[in-house]
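Peer 1: predicted model and sequence follow; I will ask about them next.
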Amino acid sequence: MPKPSLSQTFKDGPPSRNDKQMHNWLTAQERRFILWGLMERWPATRIGAALRVNEATVRRFRRRYWEDPGLILELGLYEMAGRAVSEEYRCLVCEEKVISTREVQRHVVSHFVVDELVNQHLPRRRKRGIKRSG
Ligand SMILES: [Zn+2]
């Protein structure tokens, strides 16, 4: 069974928290919802209201993953689709198939941050055997 895409996951609405959880940290599912909402061009106020969290919390998470796009990769937004010829993955944001771990990570992150940041955090090629100069 393929995993649901972000849109499928949230088609019935955001993850909900009860009154006791009001001051908890954001869960992974809530973080996925924020990413999805921002991609759908929802303002932070709307996302916050849907999740029942402060809009500042939404903005803070956005700022954090802009500083460290690796946070996006902790949310499991891709899955392996096959490994017959080479490792193939499916993006759970747009459902596109992408070859190689490195490329699918770049692909997923690039849904949410500008290319410059993607390249900074996930350079396209690793230089091997080249000495760093200072
Ligand atoms: Zn994608």
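Peer 2: Arrived safely, thanks for sending.

Peer 1: do you know how far the residue most central in space within the chain is from Asn24?
Peer 2: In the chain, the residue lying closest to the centroid (CA atoms, centre = their mean) is Ile72, at 3.7 Å. Remark: distance between Ile72 and Asn24 (CB to CB, to the nearest Å) = 21 Å. Every residue, glycine included, has its C-beta placed from N, CA and C.

Peer 1: got it, and Ile47?
Peer 2: Going from Ile47 to Asn24 by CB to CB gives 16 Å.

Peer 1: again, but for Asn54
Peer 2: Using CB to CB, we find Asn54 at a distance of 12 Å from Asn24.

Peer 1: can you check His111 too?
Peer 2: The value you get for His111 to Asn24, if CB to CB is used, is 26 Å.

Peer 1: who has more neighbours, those two?
Peer 2: Relative neighbour count places His111 above the other of His111 and Asn24, with 17 against 10, counting by other CB atoms under 10 Å.
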